[in-house]
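Trainee: model this:
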Amino acid sequence: MSNFKYDIVEQIGQLSQSPKGWTKELNLVSWNGRDPKYDLRDWGPEHEKMGKGITLTKDELIKLRDILNSMDF
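Mentor: Alright, predicted model coming up:
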C-alpha cells in the first residue's frame, strides 16, 4: 500500500454507524496536500483507518445533489 497523507478539513455529516464503530461520512478532505474535495467513505473510530470511498469536486457534488433531488423515493 502506498503512503499518502490526508487532512479532514471539515466534517460535514455522518450517514450511518456500524456496530463496530465505523462511520460512513461526508467530509471535505485534502489528500496529499492538494485542494480539498468532498469525500464519502467509511472511517474507523478516531479516523485512524478508512474504507474505500469516492471523492467529488464541488461541481460533481452539486450534480449528484440535483440527481438525488429529482428521484422519487
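Trainee: and the nearest residue in space to W22 that is not next to it in sequence, how far from D35?
Mentor: Nearest residue to W22, sequence neighbours excluded (CB to CB, 6 or more residues apart in numbering): D42, at 5.1 Å. Using the backbone N, CA and C atoms, a C-beta is placed for each residue, glycine as well. Distance, D42 to D35, by CB to CB, to the nearest Å: 23 Å.
Trainee: more neighbours: which of those two?
Mentor: Neighbour tally, D42 and D35, criterion other CB atoms under 10 Å: the higher count belongs to D42, 17 against 8.
Trainee: that one pairs with what?
Mentor: K24 (DSSP bridges).
Trainee: surely it touches G53?
Mentor: Yes. D42 is within contact range of G53, at 7.1 Å (criterion: CB atoms under 8 Å).
Trainee: name the helices or strands packed onto the top strand by length along the chain?
Mentor: The residue-count maximum for a strand in the chain (DSSP state E) belongs to strand 6-17. Strand 6-17 sits against strand 23-31, with contacts defined as 3 or more CB pairs under 8 Å, 6 or more residues apart in numbering; DSSP states H and E.
Trainee: buried residues, the strand it packs on. List them.
Mentor: T23, K24, E25, L26, N27, L28, V29 (16 or more other CB atoms under 10 Å).
Trainee: what does stretch 8-26 give?
Mentor: Buried-residue list, stretch 8-26, by 16+ other CB under 10 Å: W22, T23, K24, E25, L26.
Trainee: show me how far that stretch is from its chain's centre.
Mentor: 8 Å (CA atoms, centre = their mean, to the nearest Å).
Trainee: now swap in stretch 53-73 and tell me
Mentor: Taking CA atoms, centre = their mean, one finds the center of stretch 53-73 at 13 Å from the center of the full chain.
Trainee: which residues sit against it?
Mentor: V29, W31, K37, Y38, D39, L40, R41, D42 (CB atoms under 8 Å, 6 or more residues apart in numbering).
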